[in-house]
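Undergrad: Please find the sequence and the predicted model below.
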Number of protein chains: 2
Amino acid sequence: MQTELAIKCFQAIGQTHRLSMFRLLATAGETGHLAGELAHALDIAPSQVSFHLKELEHAGLVFATREGRFIRYRIEATQVAALMEFLLSDCCRGRPELCTPQAQIPPLKQTQGA
Amino acid sequence: MQTELAIKCFQAIGQTHRLSMFRLLATAGETGHLAGELAHALDIAPSQVSFHLKELEHAGLVFATREGRFIRYRIEATQVAALMEFLLSDCCRGRPELCTPQAQIPPLKQTQGA
DNA sequence: TCTATATTTTGATAATTATTGAAATATAGA
DNA sequence: TCTATATTTCAATAATTATCAAAATATAGA
């Protein structure tokens, strides 16, 4: 992931409403959520939901599909993964212990004991 | 990690200069960097370095120690790890495959530690 | 077609954040 | 003490981002 895009992503989830949406969409998985559902869940005006969803979309973290009058938003898993990788390998390059809490690395066979 | 703090962290690294500093400090590890070194590396005014470092510090991502006339900044590894965990378990709860692609876990070859 | 509903777009304003330059603070060493 | 250097703080301004309300767009169904 390019630095510029990573910044956009961090900026996107660095805001109350957008982080809430991000979390709702992440946990909803394939099901996603309709824009209206998010508006109701966050209790904010539809124009604001639209505004913030667009920010997330521009960062590539979510995508939209129309369903009749409704628009469903889903998390873009590959982008989330890419962002994760950016943090892990690009920012903390060579120092995985720095950014990787133990709980996070279950399936790793260590070549050397720490 | 509390949501509010996570937002502060994402906001902190969601800015060009601050992400640059964050990366420099992360890869520098225990050595860290003097404020002046960062100013030189990023080619920005000292007052700006100070401003942005404070944002990172307020987010708990870095900390400062005085060394005579100099001030050395280092990454706060535990906070970075906590942020990582927030993304992994708090945002993508129950869907680890969503945020943690295999490619993300680095080889963990501990060459030269601190 | 017309009406109702879901959502987006637009434009104005408010709020926050970043930048700049100057002044202040802290410390080292003469 | 005084001077030089490193860094921070402050105040003003610029730039960006968020909020709000109204209007526009898209679609379903009568």
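TA: Received it, and whenever you're ready, just let me know what you need.

Undergrad: now A:S50, nearest residue through space, not along the chain?
TA: Spatial nearest neighbour of A:S50, chain neighbours left out: A:A35 (6.8 Å); criterion: Cβ to Cβ, 6 or more residues apart in numbering or on different chains. Any C-beta I mention is one placed from the backbone N, CA and C, and that applies to glycine too.

Undergrad: For A:Q15, see how far away that neighbour is.
TA: 17 Å (Cβ to Cβ, to the nearest Å).

Undergrad: secondary structure element for the residue in chain A that DNA strand C sits nearest to?
TA: In chain A, the residue that lies nearest DNA strand C is A:G36 (2.2 Å; Cβ to the nearest atom of the strand). If you go by DSSP states H and E, A:G36 is part of helix A:35-42.

Undergrad: show me where chain A has helices.
TA: Taking DSSP state H to define them, one finds helices in chain A at A:3-13, A:16-28, A:35-42, A:46-58, A:77-85, A:96-99.

Undergrad: how about a markdown table for those, with mean pLDDT added?
TA: Output for the helices of chain A, formatted as a markdown table (pLDDT from 0 to 100):
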| stretch | mean pLDDT |
| --- | --- |
| helix A:3-13 | 98 |
| helix A:16-28 | 96 |
| helix A:35-42 | 97 |
| helix A:46-58 | 98 |
| helix A:77-85 | 92 |
| helix A:96-99 | 64 |
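
Undergrad: Indicate which one of these is closest to B:A28.
TA: helix A:96-99 (10.5 Å; Cβ to Cβ).

Undergrad: DNA strand D contacts on chain A?
TA: Within chain A, the positions near DNA strand D by Cβ under 7 Å from any atom of the strand are A:11, A:15-18, A:44-48, A:51-52, A:55, A:66, A:68-69.

Undergrad: what two of those residues are the furthest from one another?
TA: Within those, two members stand farthest from each other by Cβ to Cβ: A:Q11 and A:G68, at 32.2 Å.

Undergrad: who has more neighbours, the two?
TA: A count of neighbours by other Cβ atoms under 10 Å in any protein chain shown puts A:Q11 above the other of A:Q11 and A:G68, at 19 against 5.

Undergrad: coming back round to it: angle of the helix holding A:G36 against helix A:46-58?
TA: Interaxial angle of helix A:35-42 relative to helix A:46-58 (axes from the mean of the first three to the mean of the last three Cα atoms, to 10 degrees): 110 degrees.

Undergrad: Who are the contact partners of the residue nearest to A:S50?
TA: Counting by Cβ atoms under 8 Å, 6 or more residues apart in numbering or on different chains, A:A35 makes contact with A:P46, A:V49, A:S50, A:L53, A:F70, A:I71, A:R72, A:Y73.

Undergrad: Give the bridge partners for the fifth one, please.
TA: Beta-bridge partners for A:F70, by DSSP bridges, are A:E67.
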